[in-house]
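In: Below is the sequence, then the predicted model.
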Amino acid sequence: MTALLLRSGKLLDVETGEYAEGDLLCVDGRIAETGPGLTAPDGARIVDLAGATVLPGLIDAHVHVTAATADLGALPTWSPSYATAHAAQIMGKMLDRGFTTVRDASGADFGLADAQAEGLIRGPRLGFCGKALSQTGGHGDSRPRGTRVHDGHQCCAGLGRIADGVDAVRAAARDELRKGAHHIKVMAGGGVASPTDRIDSTQYSMEELRAIVEEADAANRYVAAHAYTARSVSRALRAGIRSIEHGNLIDESNVAEFLEHDAFLVPTLVTYWALKTEGREFGLPEDSWRKVDDVLGAGLAALEMAHRGGVKIVYGSDLLGGMHRHQNEEFRIRGEVLPPLEVIRSATTTAADLLGMTGEIGTLRVGALADLVVLDGDPLEDIANLANPEHIRHVVQHGALV
């Protein structure tokens with residue numbers, strides 16, 4: 001038995017928003033007991049928190065751990081071993097920032113997930129989708145206009161794979177599921193980092209989108225869709241897609257659709273702020289940098305509208321290259337329009353629901369995995385206490401101080 005006793009902390013119940021002062025005992029990777037004056041088992045490590053705040057380990061549901069550059073078109077030219085070395089470093093720093101679980105939204109594969117689970121790579125627990133499905137000329141097609149040949153070899157680094165037509169997208173979805181994908185990612189509209197599409201484009205036919213959803217449903221998995229505009233979001237939701245990534249340009253009509261289809265919204269506001277200020281420094285091509293303004297200003301208004309309408313909102317960052325260091329800044333940005341507790345829920349309980357891990361992560365309940373963040377300061381009073389990683393005193397993952 002391995003045991004860790006955290007003594008004298010302020011334990012946040014994320015569901016009620018209330019604190020309980022007391023101890024928390026982790027045994028064999030799970031939360032075994034909470035309350036005042038707990039007895040430490042023989043051989044347990046004891047850490048006195050002296051009243052520090054204890055939160056569930058944070059969850060970021062939109063990352064790209066292999067995106068060590070903002071020039072996404074360059075990634076397929078990288079050696080897989082080189083991309084892996086970068087990913088290991090990126091993942092370790094995510095863990096230091098308090099993120100004990102992340103959902104990779106294209107790029108990571110079963111190799112990285114297995115390496116983390118076996119302790120070969122230090123980092124968050126990794127949910128992955130493999131490569132995102134993109135139509136020719138879509139957000140996952142990184143070829144410039146003058147390039148015709150596409151090397152789709154699955155050993156190449158890169159975030160997307162091209163598939164056109166119902167049969168082809170079924171085969172591509174089945175292939176990613178064969179390799180263990182926790183979800184399927186599809187590019188359902190235009191994007192910033194792609195060289196030949198427009199932000200306001202829709203991508204994939206409804207028949208193709210529905211075929212992808214059918215394949216995920218058959219494997220008891222779900223589909224996440226990259227989409228910005230009200231039109232592309234509506235098409236994705238009507239096709240049965242469960243998770244909308246970004247959604248900066250949604251309107252009121254989409255709010256009702258989210259509720260009707262019991263879908264999640266994963267905004268990623270920090271990445272646009274970072275791309276605008278630092279993107280070119282970290283490899284973002286000039287044409288992509290010019291697209292940022294199309295989505296930068298609308299994101300906060302969309303977030304506020306979705307929250308007001310009761311949409312289930314999940315934490316995402318979507319940072320690239322050297323901009324990964326701004327991952328916690330998303331807390332501060334969301335805090336401009338949302339109550340602190342709702343922002344925390346987006347990175348704990350609601351994110352756990354999206355990942356299909358309700359009760360396992362994102363909570364301090366007895367029986368849950370012992371993923372915890374010990375924080376100086378009260379994030380309910382000031383969400384900036386989470387936005388600044390310097391306030392993080394300890395990170396516990398699977399019952400061990402990491």
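Out: Nice, I can see it.

In: which residues are contacting the helix or strand of the chain with the lowest mean pLDDT?
Out: Taking all helices and strands of the chain together, the one with the lowest average confidence (mean pLDDT, DSSP states H and E) is helix 293-296, at a mean of 75. Residues outside helix 293-296 that contact it (C-beta atoms under 8 Å, 6 or more residues apart in numbering) are 192, 199-200, 228, 246, 248-249, 272-273, 276. C-betas here are computed from N, CA, C, even on glycine.

In: then that helix to CSV, C-alphas only?
Out: In CSV, the C-alpha atoms belonging to helix 293-296 read as follows (Å, rounded to 0.1, in the frame of the first residue of the first chain):
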residue,chain,number,x,y,z
ASP,A,293,-8.7,39.0,-35.8
ASP,A,294,-11.7,37.2,-37.4
VAL,A,295,-12.3,35.2,-34.2
LEU,A,296,-10.4,37.1,-31.5
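
In: Just the buried positions in it, please.
Out: Of the residues in helix 293-296, those with enough neighbours to count as buried (16 or more other C-beta atoms under 10 Å) are 294-296.

In: Gly107 - that's part of a strand, no?
Out: No: with DSSP: H, G, I helix; E, B strand; the rest coil as the criterion, Gly107 is assigned coil and is not in a strand.

In: What residues does it make contact with?
Out: If a contact means C-beta under 8 Å, 6+ apart, then Gly107 has 64-67, 75, 131, 157-159 as its contacts.

In: Just give me the closest of those to Ala400.
Out: Set against Ala400, the nearest of these by C-beta to C-beta is Val65 (21.0 Å).

In: Retrieve the pLDDT associated with that closest one.
Out: The predicted local distance difference test score for Val65 is 97.

In: Looking at this protein, which residue reaches furthest from the middle?
Out: Here the chain has its C-alpha centre computed as a mean, and the residue farthest from that point, by C-alpha atoms, centre = their mean, is Asp42 with 37.9 Å.

In: if I look at that one, how far off is Pro36?
Out: Between Asp42 and Pro36 the computed distance is 21 Å (C-beta to C-beta, to the nearest Å).

In: Against Glu215, how distant is the nearest residue to Glu329 once chain neighbours are set aside?
Out: Distances taken as C-beta to C-beta, 6 or more residues apart in numbering place Val270 nearest to Glu329, at 4.9 Å, with adjacent residues excluded. When C-beta to C-beta is applied, the distance between Val270 and Glu215 equals 32 Å.

In: Max pairwise distance over the contacts of helix 293-296: which two?
Out: When those are compared pair by pair using C-beta to C-beta, the farthest-apart members prove to be Asp200 and Trp273, with a separation of 21.2 Å.

In: neighbour-wise, which of the two wins?
Out: Each of Asp200 and Trp273 has its neighbours counted (other C-beta atoms under 10 Å); Trp273 has more, 17 against 14.

In: Am I right that that one is in contact with Ile333?
Out: Yes: contact between Trp273 and Ile333 holds when scored by C-beta atoms under 8 Å: they sit 6.9 Å apart.

In: what about the residue nearest the centre of the chain, which SS state?
Out: When C-alpha atoms, centre = their mean is applied to the chain, the residue found nearest the centroid is Ala61 (1.8 Å). The three-state label for Ala61, taken from three-state DSSP, comes out as strand.

In: Tell me how far it lies from His183.
Out: Applying C-beta to C-beta, one obtains 10 Å for the distance of Ala61 from His183.

In: shared neighbours, those two?
Out: Common neighbours of Ala61 and His183, counting by C-beta under 8 Å, 6+ apart, are 103, 243.

In: where exactly do the strands run in the stretch 301-402 of the chain?
Out: Residue ranges of the strands in the stretch 301-402 of the chain, as given by DSSP state E, counting those that start in this stretch, are 312-313, 372-375, 392-397, 400-401.

In: quick one: contacts of the longest one?
Out: By C-beta under 8 Å, 6+ apart, the surrounding residues in contact with strand 392-397 are 4, 6, 26, 47, 49, 52, 57, 95-98, 100, 124-125, 370-376, 401-402.

In: Generate a ChimeraX selection restricted to the buried entries among those.
Out: Buried members of these can be picked out in ChimeraX with the line below, counting by 16+ other C-beta under 10 Å:
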select :4,6,26,47,49,52,57,95,97,98,100,124,125,370,371,372,373,374,375,402
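
In: circling back to that earlier point, which SSE is the residue nearest to Glu329 in?
Out: Taking DSSP states H and E as the definition, Val270 sits inside helix 269-278.

In: buried sites along that helix?
Out: Using 16+ other C-beta under 10 Å as the test for burial, helix 269-278 gives 269-275, 278.

In: for the stretch 151-300 of the chain, which spans come out with low pLDDT?
Out: For the stretch 151-300 of the chain, the stretches with pLDDT under 70 are 151-156.

In: Tell me which stretches of it form helices.
Out: Assigned by DSSP state H, counting those that start in this stretch, the stretch 151-300 of the chain shows helices spanning 166-178, 206-218, 230-238, 252-261, 269-278, 286-291, 293-296, 299-308.

In: circling back: and of the strands of the stretch 301-402 of the chain, who's closest to Tyr222?
Out: Nearest to Tyr222 among the strands of the stretch 301-402 of the chain is strand 312-313 (13.2 Å), distances taken as C-beta to C-beta.

In: Specify the residue ranges that define each domain of this structure.
Out: Per the record's domain assignment (the TED database), the chain is made up of the domains 3-57+360-401, 58-326.
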